[in-house]
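> return a 3D structure for these sequence lines:
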Amino acid sequence: MSTFTPGDPTALARHEARLDLAAAHRLAVWHDFSEGIYNHFTLAVPGSGDRFLLPPFGLHWSEVRASELMTIGFDGKQLAGEGIIQRSAYCIHAPIHAAHAKHQAVFHTHMPYAGALTRLENQHLLALGQTEALLLDQIAYDDGYDGLARDPLEGERLAKILGEKTILFMGNHGVLVTGRSTAEAYDRLYTLERAARVQLFALWTGQRLRGLNAGQVDKVQDQIHNTPLHDSPGAQYKPGYQLHFDALRRLLDRREPDYRD
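Model (predicted):
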């Protein structure tokens, strides 16, 4: 069982971080974002600034438990936990975590619909509807695929392309999203895959697409950034991504509570 020291806020934050990251792996199986044992979700250790959590390579994502997460330094050293480190997880994730404080959670997948877009000559998410409009200003595109990520220099290259954005389309490869928390990153990943699926469905009809103009996109982005989503007052207000992830964890608590172990 993953435990923490009562009364220690840092220990509590680190305990909750483990629970959230373990939950994200389980949920990714539900939502068909996972590749069995491959791809990687990582989360910076709260209060550290130089290390992140990662499950041992070889665990199926449906097996991940909070107590099994390893602690890996940004230099690639295993600081706590047992198991093997997937090389690309370190080479991609450590440079991105280190590049900007907003990249606390870094989730990389080969999920099918967004992954399909990265195989197109034009891999861009199109401004076809409001879901896409919510994401467009957060997306960077990598068109320079250069093989497997087996060197930290590849992660540094990707970090430069991503910059302060939070979604990276990796041409011929997959996608990566970041967030200030697991909840934010997971909701972003979920929304991105839904948007990619709708775009592909629209393309498959063979009919002309109904796109949004720049003014419509700007209005949606202004609304998402500057107007409230709901009417909860003050300290009770939670952003949509947190409400979504809280709901998903409640489902997981009922169906697969062992992720908390």
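> what's the span of stretch 157-166 from first residue to last?
End-to-end distance for stretch 157-166, by Cα to Cα, to the nearest Å: 15 Å.
> from the chain's centre, how far out does it sit?
Put simply, stretch 157-166 sits 14 Å off its chain's centre (Cα atoms, centre = their mean, to the nearest Å).
> what about the helices in the protein?
Using DSSP state H, the helices of the chain run over 9-30, 87-99, 112-117, 130-135, 152-162, 182-204, 214-226, 240-255.
> give me the angle between the fifth one and helix 87-99.
Interaxial angle of helix 152-162 relative to helix 87-99 (axes from the mean of the first three to the mean of the last three Cα atoms, to 10 degrees): 50 degrees.
> what comes up buried for helix 152-162?
152, 154-159, 162 (16 or more other Cβ atoms under 10 Å). Where C-beta positions appear, they are placed from N, C-alpha and C, glycine not excepted.
> just to revisit the earlier point, for Gly47, find the nearest of the helices of the chain.
The closest of those to Gly47 is helix 9-30. By Cβ to Cβ, the value is 4.8 Å.
> per-residue pLDDT, Ala235?
On pLDDT, Ala235 comes in at 78.
> over to the one 10 residues further on?
Per-residue confidence for Phe245 comes out at a pLDDT of 98.
> what's near enough to touch the closest residue to it other than its chain neighbours?
In this structure, Phe245 finds its nearest non-sequential neighbour in Ala183, 3.6 Å apart by Cβ to Cβ, 6 or more residues apart in numbering. Ala183 makes contact with 20, 241-242, 244-246, according to Cβ atoms under 8 Å, 6 or more residues apart in numbering.
> what's the burial count for Asp75?
12 (other Cβ atoms under 10 Å).
> ok, back up a step: could I get the helices of the chain as TSV with distance to Leu176?
Below are these laid out as TSV (distance: least, Cβ to Cβ, whole Å):
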stretch	distance to Leu176
helix 9-30	14
helix 87-99	7
helix 112-117	10
helix 130-135	14
helix 152-162	7
helix 182-204	9
helix 214-226	21
helix 240-255	17
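> show me the beta-bridge partners of Ile167.
Ile139, Val177 (DSSP bridges).
> confirm for me that Gln86 is in contact with Leu59.
No: counting by Cβ atoms under 8 Å, Gln86 stays clear of Leu59, with 10.6 Å between them.
> the two: which has the busier surroundings?
Taking other Cβ under 10 Å, Gln86 and Leu59 do not tie; Gln86 has more neighbours (20 against 16).
> contacting residues around stretch 61-68?
1-2, 15, 18-19, 21-22, 25-26, 28-29, 34, 36-37, 55-56, 59, 81, 83, 256, 258-261.
> so for this structure, the centremost residue is which one?
Relative to the mean C-alpha position of the chain, the nearest C-alpha, by Cα atoms, centre = their mean, is the one of Phe107, at 3.4 Å.
> from Val177, how far out is that residue?
Taking Cβ to Cβ, to the nearest Å as the measure, Phe107 falls 5 Å from Val177.
> contacting residues for Leu200?
113, 116-117.
> thinking again about what came up before, tell me the one of the buried residues of helix 152-162 nearest His93?
The closest of those to His93 turns out to be Gly155 (Cβ to Cβ; 6.9 Å).
> could you measure from the closest one over to His40?
For Gly155, the distance to His40 equals 11 Å [Cβ to Cβ].
> anything in contact with each of those two?
With Cβ under 8 Å, 6+ apart as the test, Gly155 and His40 both reach 92-93.
> and stretch 143-158, how far out from the chain's middle?
That offset, for stretch 143-158, works out to 18 Å (Cα atoms, centre = their mean).
> number the chain from 36, please
Yep, numbering from 36; the last one is stretch 178-193 now.
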